[in-house]
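Undergrad: Sequence plus predicted model, see below.
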Amino acid sequence: MRCNQSAAPADCPQRLSAPDSSNVSWTLNGDPVGGSSVTFDQNSGLFTVKGNFAMTANFDISGYPYSRPSYNTTYEAYLLRSGQALQLVTISGDF
């Protein structure tokens, strides 16, 4: 599933509190890593990134268009180094 097609997408930090929504699309506003904090655990090789983000959902309810910011506004992501790149293990959001 892509992060921009659901009100509560799996493995994405954003959430929309609109249970009867359809035709959901998300827009990222700004830089989600600006001002974030990064820590590294030498024993596990795990990077932890914590920060704030702003996303806006455009969606329909009963055929009428709406727009609303994400219910969640902070995230915590875990990444592991795989060869030359970082691989996202998981990311979650909170308010």
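TA: That came through fine.

Undergrad: Looks like T90 contacts Y75 (just checking).
TA: No: applying C-beta atoms under 8 Å, one finds T90 not in contact with Y75, separated by 10.5 Å. Any C-beta I mention is one placed from the backbone N, CA and C, and that applies to glycine too.

Undergrad: more neighbours, those two?
TA: More neighbours surround Y75 than the other of T90 and Y75, with 20 against 9 (other C-beta atoms under 10 Å).

Undergrad: who's the more buried one bridged to?
TA: Applying DSSP bridges to Y75 yields these beta-bridge partners: G51, G93.

Undergrad: Please report the distance of it from F53.
TA: Y75 sits 6 Å away from F53, going by C-beta to C-beta, to the nearest Å.

Undergrad: Between the two, which contacts overlap?
TA: Common neighbours of Y75 and F53, counting by C-beta atoms under 8 Å, 6 or more residues apart in numbering, are P13, P32, G93.

Undergrad: Go ahead and confirm K50 touches E76.
TA: Yes: the criterion here is C-beta under 8 Å, and K50 meets it with E76 at 5.0 Å.

Undergrad: who touches the residue most central in space within the chain in this structure?
TA: For the chain, the residue nearest the mean C-alpha position is P13 (2.9 Å; C-alpha atoms, centre = their mean). P13 sits next to F53, S70, N72, T74, Y75, I91, S92, G93 when contact means C-beta under 8 Å, 6+ apart.

Undergrad: Could you list every helix and strand that the helix or strand harbouring F40 packs against?
TA: Assigned by DSSP states H and E, F40 belongs to strand 37-41. Helices and strands touching strand 37-41, by 3 or more C-beta pairs under 8 Å, 6 or more residues apart in numbering; DSSP states H and E, are strand 46-52.

Undergrad: Return the alpha-carbon coordinates of the strand it packs on using CSV.
TA: What follows is strand 46-52, C-alpha atoms only, in CSV (Å, rounded to 0.1, in the frame of the first residue of the first chain):
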residue,chain,number,x,y,z
LEU,A,46,20.1,0.7,14.5
PHE,A,47,19.6,4.4,13.7
THR,A,48,16.6,6.1,15.4
VAL,A,49,15.3,9.3,13.9
LYS,A,50,12.7,11.4,15.8
GLY,A,51,11.1,14.5,14.5
ASN,A,52,8.0,16.5,13.5
